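Student: Pasted the sequence and its predicted model underneath.
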Amino acid sequence: MSEGELPGRPEAPGGTDFGRLEAALGEALLALGLGPQSAPGMRETPERTAKALDSFFSGLRTDPEVYLEETFPGGTGDPVVLRDIPLYSMCEHHLVPFVGRAHVGYVPDRRVLGLSEIAGVVEAYARRPQLQERLTAQVADLLFEPLGSKGSFVVIEAEQLCMTMRGAQKPGTLTVTRAARGVYAQDASLREEFTRLLGR
Ligand SMILES: Nc1nc2c(ncn2[C@@H]2O[C@H](COP(=O)(O)OP(=O)(O)OP(=O)(O)O)[C@@H](O)[C@H]2O)c(=O)[nH]1
Ligand SMILES: [Zn+2]
């Protein structure tokens, strides 16, 4: 599978198999030694966790391209930058969240995208098992050629809980990833302006 492909493309159509997921989560809790006797408060936990996982991975059922359908004439050739879009995603290695902010810029070519749609693109890719690098690249890719813009630039700053709660145990570490396409890949001054707009 290449970096650009959907991670974890559903193997069966029709969405989450809740019965199977709840049974598996119940088994996982038992494997941890947590059953009806030891943890009575967790009786409904497999059901609740199944719903939570379904929502964390709801992007698997969303085609991010639907957010490109609503464009408006406009755009002067100057960049549009959305700063500090809240970001919640799930590390595909450990199924643990990574949490942070996405900053997204693009240079329109005669048509602009609705601002909410930009946040929707981030969400559709974030609500999947992800790698921060791939998420960053996927948003930048979609906002370049499929959108028909002159270029796009995406910066994601996130805390990977799999690295800070466990593993390397380095709380507070922020991972910063970036992807530049089109004019943003070619023009360092545009990237510097983007960084200035972030107030960094
Ligand atoms: N490049 C990249 N690495 C990630 C991301 N999320 C988690 N990782 C890393 O993926 C690696 C997984 O390493 P493994 O050795 O296979 O698994 P592990 O033994 O659980 O690793 P540790 O997390 O280091 O304990 C670790 O270095 C994680 O920090 C991500 O978004 N991008
Ligand atoms: Zn991880």
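Tutor: Sure, I can see it. Ligands and ions are numbered 1, 2, ... in the order given.

Student: Please count neighbours and contacts with C-alpha atoms only from this point.
Tutor: OK.

Student: Show me what secondary structure element comes after the helix ranked longest in the chain.
Tutor: Longest helix in the chain, counting residues (DSSP state H): helix 18-31. Next along the chain after helix 18-31, taking DSSP states H and E as the criterion, comes helix 45-56.

Student: Identify each buried residue in that next one, please.
Tutor: For helix 45-56, a neighbour-count test (16 or more other C-alpha atoms under 10 Å) marks P46, E47, A50, K51, L53, D54, F56 as buried.

Student: Equivalent analysis for stretch 17-37, please.
Tutor: By neighbour count with 16+ other C-alpha under 10 Å, stretch 17-37 contains the buried residues L21, E22, L25, G26, L29, L34, G35.

Student: For my notes, confirm G100 occurs in a helix.
Tutor: No. If the criterion is DSSP: H, G, I helix; E, B strand; the rest coil, then G100 is strand and not within a helix.

Student: partner residues bridging it?
Tutor: Beta-bridge pairing for G100 (DSSP bridges): L87, A158.

Student: That one - how many residues pack around it?
Tutor: 19 (other C-alpha atoms under 10 Å).

Student: Enumerate every residue touching G35.
Tutor: Applying C-alpha atoms under 8 Å, 6 or more residues apart in numbering, we find G35 in contact with L29, M42, R43.

Student: actually L25, sorry about that
Tutor: When contacts are counted by C-alpha under 8 Å, 6+ apart, L25 touches P46, T49, A50.

Student: What strand or helix carries A168?
Tutor: Remark: A168 resides in no helix or strand, with elements defined by DSSP H and E.

Student: what do you get for R83?
Tutor: Taking DSSP H and E as the criterion, the element that holds R83 is strand 80-91.

Student: How about S152?
Tutor: Using DSSP H and E, the element containing S152 is strand 151-160.

Student: In JSON lines: the contacts of G35, plus distance to V155 and pLDDT.
Tutor: Putting the contacts of G35 into JSON lines (distance: C-alpha to C-alpha, whole Å; pLDDT from 0 to 100) gives the following:
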{"residue": "L29", "distance to V155": "37", "pLDDT": "97"}
{"residue": "M42", "distance to V155": "39", "pLDDT": "95"}
{"residue": "R43", "distance to V155": "41", "pLDDT": "95"}
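
Student: Up against ligand 2, what does the protein have?
Tutor: Contact residues, the chain versus ligand 2 (C-alpha under 5 Å from the ion): C91, H93, H94, C162.

Student: List buried residues within those residues.
Tutor: Buried residues within these, counting neighbours by 16+ other C-alpha under 10 Å: C91, C162.

Student: If we check ligand 1, which of the residues of the chain next to ligand 2 are in contact?
Tutor: Among those, proximity to ligand 1 is found for C91, H93, C162 (C-alpha under 6 Å from any ligand atom).
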